[in-house]
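*Asks:* Turn this into a structure:
(2 chains)
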Protein chains: 2
Amino acid sequence: MKILECVPNFSEGRDPDFLKALEAAVQPFPVKILDLSRDADHNRADMTILGEPGAVEEAAMAAACRAVDLIDMTRHKGSHPRMGAVDVVPFIPVRGVAMDEAAAIARRFGKAFGEAKGVPVFFYEDAATSEARRNLADVRKGEYEALPAKLEDPAWTVDAGPQEFNPRAGATAVAARMPLIAFNVNLNCNDLEVARKIAHAVRHVGGGLRYVKAMGLRLVNYQKTPIHRAVELIKAEAARYGVTVRETELVGLVPIEAIQEVVGYYLQLPDFNARQIIEYHLIPDA
Amino acid sequence: MKILECVPNFSEGRDPDFLKALEAAVQPFPVKILDLSRDADHNRADMTILGEPGAVEEAAMAAACRAVDLIDMTRHKGSHPRMGAVDVVPFIPVRGVAMDEAAAIARRFGKAFGEAKGVPVFFYEDAATSEARRNLADVRKGEYEALPAKLEDPAWTVDAGPQEFNPRAGATAVAARMPLIAFNVNLNCNDLEVARKIAHAVRHVGGGLRYVKAMGLRLVNYQKTPIHRAVELIKAEAARYGVTVRETELVGLVPIEAIQEVVGYYLQLPDFNARQIIEYHLIPDA
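*Replies:* From the prediction side, this is the model:
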């Protein structure tokens, strides 16, 4: 069994009908929608789909094409960085799919989408064509507004689609990457300055853990920086200010391997494996 | 989707061919063997099978009948309490099966098995016919050796099968019950007396947690006494002797609900749910 995940993000978070349109677009394909949500403040929506690679690729294409038809970037405002109507399309290996395979799918998707809809496409993370384009923040720097100048710059030759500004659609970043784990840690502390210092100490940019980045907490490589390490470091850094963790919140989904690691760490269970979970054996190829 | 688990235990742990015979017995049925192991010291084997209720019931019957044909209790010695060739047959609801349904299956199984093979059968846990028979340790008290006298005692009228001692097969205890979680906690401590005191403090019989019992640690109701509570209480009791936990070891399988609770506790994630695990959605009816 080969299972791929795709989490496209779209620049429309205020029209409830938009989610219905996305749902309708992927409906003909044998994929599961694990999550479909929008944020009015970010003015952004994202969809998580899961299934066999071919079906996921086709469903993502149908959703992306529909979104490009519906969204007009010339009028888009929102608090989240973005450069296109279909802003990012990351493909994530879940089961029996190598990262190379996911990267090949991402590139094929990018090429087909860019050509079909006349949208400049850049590849990032494990689909990137150069180290300079690996990081999404670098690729998206300057956002939608910078695109006209960027597309005239030889350093920003597109990876797929036309080398030409598309005002309605903007540009799209397509990736293959590991699942990323996003979570919020709520502190017993009303002092924003203290919270900022704690967050800074934990993140890679501040000298903290290598694979922790972004505004909230985002683990970009849970194998190398597991969840428990980030949480325990936050507790340790918070303790210096007499601050404790009130609760944490997991945004979206998490791979079982990351959960396995959390259980192994806290219960001091060195050999804990997902196969020891009864329900794991209900997965058809388990 | 209805999924039932069955973990029959057999009084034969020294003959490697016995496991092959069990495997062959269940092979015709659409069940998954999650575990099949034997312990020479206990002189005991156990098998964990999973599948739809009808298939599990039939597979358990085939295995039990085969075991009764192969095992001669008149010659059985081992360090684990036992009273029959097929010692215990617990049916455990996993998904879409109510405990009542599992109890009805257990009783039907016990009746059919007892009659087919001439084996006295007692029901325990949620299949018990009286409170006095709920606890397996009470039902099995005196073990195999006490059976001739027990079967003459009106207090021990069988629940199924003949009211007559079967020297080769002994008696069988059949149950419906929750999954139980068995784990070992290894302490940084060579003093057996200290280890015994810590264990005593944690177990229900010693005034400890209500649903913790047996020789190792056995959580008989992980919903009411979750894993983390037992582990944290052990750490707290061990600390009084300056002893720490070296590692823990999970024996057999654990339901996802118990893992969900561990993750929720240690990460202070109040709303963590198995549905946030990507792979959970690969279960056909998830």
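*Asks:* residue with max distance from the center of chain A?
*Replies:* residue A:242 (33.6 Å; C-alpha atoms, centre = their mean).
*Asks:* So that one belongs to a strand, correct?
*Replies:* No. Counting by DSSP: H, G, I helix; E, B strand; the rest coil, residue A:242 is not found in a strand; it is coil.
*Asks:* residue contacts, the residue in the stretch 51-200 of chain A that chain B sits nearest to?
*Replies:* Closest to chain B within the stretch 51-200 of chain A is residue A:94: 5.8 Å, counting by C-beta to the nearest C-beta. From N, CA and C alone the C-beta is placed, and that goes for glycine too. Residue A:94 makes contact with A:3, A:4, A:5, A:50, A:179, A:255, B:278, B:279, B:282 under the criterion C-beta atoms under 8 Å, 6 or more residues apart in numbering or on different chains.
*Asks:* which stretches of the stretch 101-250 of chain A form helices?
*Replies:* Ranges of helices in the stretch 101-250 of chain A, per DSSP state H, counting those that start in this stretch, are A:136-139, A:147-150, A:192-202, A:227-239.
*Asks:* winner for burial among these?
*Replies:* helix A:227-239 (a mean of 19; mean count of other C-beta atoms under 10 Å in any protein chain shown).
*Asks:* on contacts alone, who are the packing partners of it?
*Replies:* Packing contacts for helix A:227-239, counted by 3 or more C-beta pairs under 8 Å, 6 or more residues apart in numbering or on different chains; DSSP states H and E, involve strand A:181-187, helix A:192-202, strand A:217-219, strand A:245-251, helix A:256-266.
*Asks:* can you tell if the second one touches chain B?
*Replies:* The one in question is helix A:192-202. No. With C-beta under 8 Å from any C-beta of the partner chain as the criterion, chain B is not reached by helix A:192-202; the gap is at least 14.8 Å.
*Asks:* by contact count, what packs against the helix or strand hosting residue A:24?
*Replies:* Taking DSSP states H and E as the criterion, residue A:24 maps to helix A:16-26. If contacts are counted by 3+ C-beta pairs under 8 Å, 6+ apart, helix A:16-26 sits against strand A:32-39, strand A:44-51, helix A:53-70.
*Asks:* For the second one, the averaged confidence score.
*Replies:* Same thing as strand A:44-51. Mean pLDDT, strand A:44-51: 96.
*Asks:* Alpha carbons only: can I get it in CSV?
*Replies:* Presented in CSV, the C-alpha positions along strand A:44-51 are these (Å, rounded to 0.1, in the frame of the first residue of the first chain):
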residue,chain,number,x,y,z
ARG,A,44,-6.4,31.4,3.8
ALA,A,45,-7.8,27.9,3.6
ASP,A,46,-6.1,24.6,3.7
MET,A,47,-7.1,21.1,2.9
THR,A,48,-5.5,17.8,3.9
ILE,A,49,-6.1,14.9,1.6
LEU,A,50,-4.8,11.3,1.9
GLY,A,51,-4.8,8.3,-0.4
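*Asks:* quick one: buried residues of the helix holding residue A:24?
*Replies:* A:18, A:19, A:21, A:22, A:25, A:26 (16 or more other C-beta atoms under 10 Å in any protein chain shown).
*Asks:* that older thread, format the helices and strands packed on helix A:227-239 as a markdown table; extra columns: mean pLDDT.
*Replies:* Below are the helices and strands packed on helix A:227-239 laid out as a markdown table (pLDDT from 0 to 100):
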| stretch | mean pLDDT |
| --- | --- |
| strand A:181-187 | 85 |
| helix A:192-202 | 84 |
| strand A:217-219 | 69 |
| strand A:245-251 | 87 |
| helix A:256-266 | 95 |
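*Asks:* number of nearby residues for the closest residue to residue A:35 other than its chain neighbours?
*Replies:* Using C-beta to C-beta, 6 or more residues apart in numbering or on different chains and skipping the chain neighbours, the partner closest in space to residue A:35 is residue A:48 (4.0 Å). Residues near residue A:48, counting by other C-beta atoms under 10 Å in any protein chain shown, number 20.
*Asks:* Please apply the same query to residue A:54.
*Replies:* Residue A:54: 13 surrounding residues under other C-beta under 10 Å.
*Asks:* how near is it to residue A:3?
*Replies:* Counting by C-beta to C-beta, to the nearest Å, the gap from residue A:54 to residue A:3 is 12 Å.
*Asks:* Adjacent strands (with direction) for the longest strand along chain A?
*Replies:* Longest strand in chain A, counting residues (DSSP state E): strand A:86-95. Using DSSP bridges, the strands paired with strand A:86-95 are strand A:3-6 (antiparallel), strand A:9-10 (antiparallel), strand A:172-176 (parallel).
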